[in-house]
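Novice: The sequence and its predicted three-dimensional model are supplied below.
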Amino acid sequence: MAKKKTFESALKELEEIVRQMESGDLCLEDAVKKYKSGMKQSKYCLDLLDKTEKKIAMLTKDRDGNIKKQPFKDE
């Protein structure tokens, strides 16, 4: 079973792609490949952040000001 990628590992990979592209050492074909890979990593990170934000938003306060956790249904 494949290990699920973490936000941190995807972000680190994205940072490395940016570093390589900013170096100016890539030919056009390699730069396009890195760009595509970077966009994939960026989307993964943004999707994960969006899911996390939804989970956090499910924490609400009740009438007495106490934090009440509501179930989150992940799509």
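Specialist: Looks like it came in fine.
Novice: Look up the pLDDT of the residue nearest the centre of the chain for me, please.
Specialist: The structure's the chain has its C-alpha centroid closest to residue 45; by C-alpha atoms, centre = their mean the separation is 1.0 Å. Residue 45 is assigned a predicted lDDT (pLDDT) of 95.
Novice: In contact with it, which residues are there?
Specialist: Shown in contact with residue 45 (C-beta atoms under 8 Å, 6 or more residues apart in numbering): 7, 10, 11, 14. All C-beta spots, glycine's among them, are computed from the backbone N, C-alpha and C.
Novice: Provide the partner residues of residue 67 in its beta bridges.
Specialist: For residue 67, the beta-bridge partners under DSSP bridges are residue 61.
Novice: where does the residue of the chain most remote from its centre land in three-state SS?
Specialist: What lies farthest from the middle of the chain is residue 64; by C-alpha atoms, centre = their mean that is 35.0 Å. The local conformation at residue 64, judged by DSSP: H, G, I helix; E, B strand; the rest coil, is coil.
Novice: Mind telling me what element the residue nearest to the centre of the chain is part of?
Specialist: Assigned by DSSP states H and E, residue 45 belongs to helix 28-57.
Novice: helices and strands of this structure: which one has the lowest mean pLDDT?
Specialist: Least confident helix or strand, the chain: strand 59-61 with a mean of 69, by mean pLDDT, DSSP states H and E.
Novice: if we can go back for a sec, can you tell me which of the contacts of residue 45 are buried?
Specialist: With burial judged by 16 or more other C-beta atoms under 10 Å, the buried subset of those is 10, 14.
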